[in-house]
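[1] predicted coordinates and the sequence they were generated for:
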Amino acid sequence: MNYWLMKSEPDEFSINDLKNKKNQTEAWTGVRNYQARNFMRDEMKKNDLVFFYHSSCKEIGIAGIAKVVKESYPDPTQFDKKSKYFDPKATEDNPRWFLIDIKWVKTFEEIIPLSLLKESKELKNMYLVQKGSRLSVQPVREKEFDFIKDQLNSK
DNA sequence: GCCAACGTTGGC
DNA sequence: GCCAACGTTGGC
């Protein structure tokens, strides 16, 4: 099993928006970065666990946990002319963008702030805290995942 | 709102 | 294939 971190702007879509969805599940549309796409297309497998991260907001940090419930398939928004994610170079026969579905697992009682992640020497090598890192879908090491979930999470 | 870091585009 | 110009991300 693998572990991941996915960013979302909570003003757009927060962890509680995920919780309130039908089946508490959401298709992760709109990722338009090749590296992030490759992770979703090739490596994210059913039941992998995902940290749900809130970015560009007041309380920046890890808000909770989700899991992969459906593996790679083409992102429908790339074919939708009315979508802001429409991609004229993508075709049904040759899609460019892929995604997965995630399901809500838990919301942490308190957001684990980015500043705390940065302070933890156990997380020195975590991708998220590296300078210039901005991937919106990124792998997390098992050790890092457990440390954050067990040591930094209040509940 | 600023700006550093990164990714993409397109001319050559 | 290089690289300047531009666009985006995202913390502060």
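    Sure thing, it's come through. Residues are numbered from 1 along each chain as shown, chains lettered A, B, ... in the order given.
[2] so which residues on chain A come close to DNA strand C?
    Contact residues (CB under 7 Å from any atom of the strand) of chain A with DNA strand C: A:7, A:32, A:55-57, A:60, A:114-115, A:118, A:134-136. C-beta: built from backbone N, CA, C; applies to glycine.
[3] again, only this time at 10 Å
    Residues of chain A found near DNA strand C (CB under 10 Å from any atom of the strand) are A:6-9, A:30-33, A:36, A:53-61, A:84, A:113-115, A:117-118, A:128-129, A:132-138.
[4] now which of those residues would you call buried?
    If you count burial by 16 or more other CB atoms under 10 Å, the buried members of the residues of chain A next to DNA strand C come out as A:6-8, A:30-31, A:36, A:53-54, A:60-61, A:114, A:117, A:128, A:135-138.
[5] could you list which of these belong to strands?
    Per DSSP state E, strands hold the following members of these: A:6-8, A:53-54, A:61, A:137-138.
[6] show me which pair in those residues is furthest apart.
    A:61 and A:137 (17.1 Å; CB to CB).
[7] quick one: low-confidence parts of chain A?
    Residue ranges of chain A with pLDDT under 70: A:155.
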